[in-house]
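Student: I would like to see how this sequence folds:
(one chain, ligands or ions: 1)
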Amino acid sequence: MFSDLPFFPQQASTFAGRVDLLYAFLIAISVFFSVLIFALLAFFAVKYRRRGSDEWPGRVQEPLALELAWTLIPLGIVVVIFVWSTQLYISMNRPPAQAMDVYVVGKRWMWKVQHLTGHREINELHVPLGMPVKLHLTSEDVIHSFFVPAFRIKKDAVPGRYQTAWFEATRPGRYHLFCAEYCGTKHSGMIGSVVVMEPAEFQSWLSGGAAGASLAASGQKLFAELACVTCHRPDATGRGPILDGLFGKTVKLANGETATADEAYIRESIVTPSAKVVAGYQPVMPTYQGLVSEESLMQLVAYIQTLKAPEGTERGRVIQ
Ligand code: CUA
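Tutor: So this is what the prediction gives:
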């Protein structure tokens with residue numbers, strides 16, 4: 001709809017049209033009221049100008065209808081803006097369940113991308129057309145922001161946190177990827193591109209590149225290398241909690257609170273094990289802060305997500 005206008009970026013995702021429509025509405029409202037107010041200002045300045053040095057304004061009765069009009073009309077308009085933008089915000093923050101997961105780490109000054117298949121990219125992200133893509137974003141150092149104007153998405157990559165964003169590309173091509181949060185000397189050079197390909201083309205891109213091990217398999221390898229496996233055993237003989245079937249469950253903590261075993265929880269438990277100690281266990285796990293890169297943490301998290309509880313067993317005391 002606005003793609004012909006030079007100041008709107010290309011529209012290449014399912015959000016682009018919706019975001020632009022809301023934006024155009026806000027501009028239209030602003031322009032309408034600016035013009036109205038300035039025109040009335042000029043008109044009244046002339047109409048009610050002082051005609052002589054002995055002229056004094058009379059008493060003015062405040063008309064109720066006018067008071068109500070300039071209170072209720074703006075109220076109605078902001079309620080419309082609120083409902084409209086909230087709906088858009090919610091749909092932009094709820095990735096569909098079948099979305100393709102992509103793991104992104106921001107680092108001064110580059111974007112490092114890992115696909116579940118094990119494909120890795122730097123400053124590039126290849127995605128298939130017409131398929132929802134869910135980004136898991138974090139940062140290795142300072143706050144960055146993943147911004148693709150053509151998709152109308154922008155999400156901060158914050159150190160120590162996992163943020164998600166999603167999009168569905170609607171047009172093949174190569175689109176700008178920017179860092180939209182000032183992050184140091186080469187912030188302006190922290191750029192890349194998102195390449196949207198036809199699904200078949202994307203499949204051949206996947207099979208063409210050197211994939212290496214899948215994200216979860218790399219995580220499994222790390223799990224053994226870091227000796228996590230010595231304490232986190234699938235039976236109840238380890239010193240650490242059983243991780244099989246853990247992901248997504250509610251965990252009972254030693255301090256009586258509970259936590260959801262999501263990506264952030266698992267990451268925190270690796271980096272700062274003492275932050276949330278599982279009920280029934282001693283805080284004996286050493287910290288892996290600084291020993292495992294953010295990319296490796298994502299691999300470990302991906303691996304732990306794949307661990308399923310054995311058939312017909314209850315996860316016992318760990319799970320509430
Ligand atoms: Cu990274 Cu600005």
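
Student: confidence score at the residue of the stretch 1-150 of the chain found nearest the ligand?
Tutor: Residue nearest to the ligand within the stretch 1-150 of the chain: His144 (3.4 Å; C-beta to the nearest ligand atom). Any C-beta I mention is one placed from the backbone N, CA and C, and that applies to glycine too. His144 carries a pLDDT value of 96.

Student: Then Ala169?
Tutor: On the pLDDT scale, Ala169 is placed at 95.

Student: Which residues are in contact with it?
Tutor: By C-beta atoms under 8 Å, 6 or more residues apart in numbering, the contact list for Ala169 reads Ala12, Ser13, Val127, Pro128, Leu129, Gly130, Met131, Val133, Phe151, Val194, Val196.

Student: of the residues you listed, closest to Gln220?
Tutor: Using C-beta to C-beta, Val133 comes nearest to Gln220 of those, at 24.4 Å.

Student: ok, now how distant is the closest one from Ala69?
Tutor: 47 Å (C-beta to C-beta, to the nearest Å).

Student: Please say which of those two ends up with more neighbours.
Tutor: Val133 (21 against 11; other C-beta atoms under 10 Å).

Student: Helix, strand, or coil at the more buried one?
Tutor: In the three-state summary, Val133 is assigned as strand, counting by DSSP: H, G, I helix; E, B strand; the rest coil.

Student: Quick check: it vs Pro57, distance?
Tutor: Counting by C-beta to C-beta - Val133 and Pro57 are separated by 64 Å.

Student: returning to what we had before: count of neighbours near the residue of the stretch 1-150 of the chain closest to the ligand?
Tutor: Neighbour tally, His144, other C-beta under 10 Å: 32.

Student: what's the single longest helix in the protein?
Tutor: helix 14-47 (DSSP state H).

Student: Give the buried residues for that one.
Tutor: Residues of helix 14-47 classed as buried by neighbour count (16 or more other C-beta atoms under 10 Å): Thr14, Phe15, Ala16, Arg18, Val19, Asp20.

Student: Contacts only, for the first one.
Tutor: What that stands for is Thr14. Thr14 touches Phe167, Glu168, Thr170, counting by C-beta under 8 Å, 6+ apart.

Student: Please apply the same query to the third one.
Tutor: Neighbour list for Ala16: Gln10, Ala150, Phe151, Arg152, Thr170 [criterion: C-beta under 8 Å, 6+ apart].
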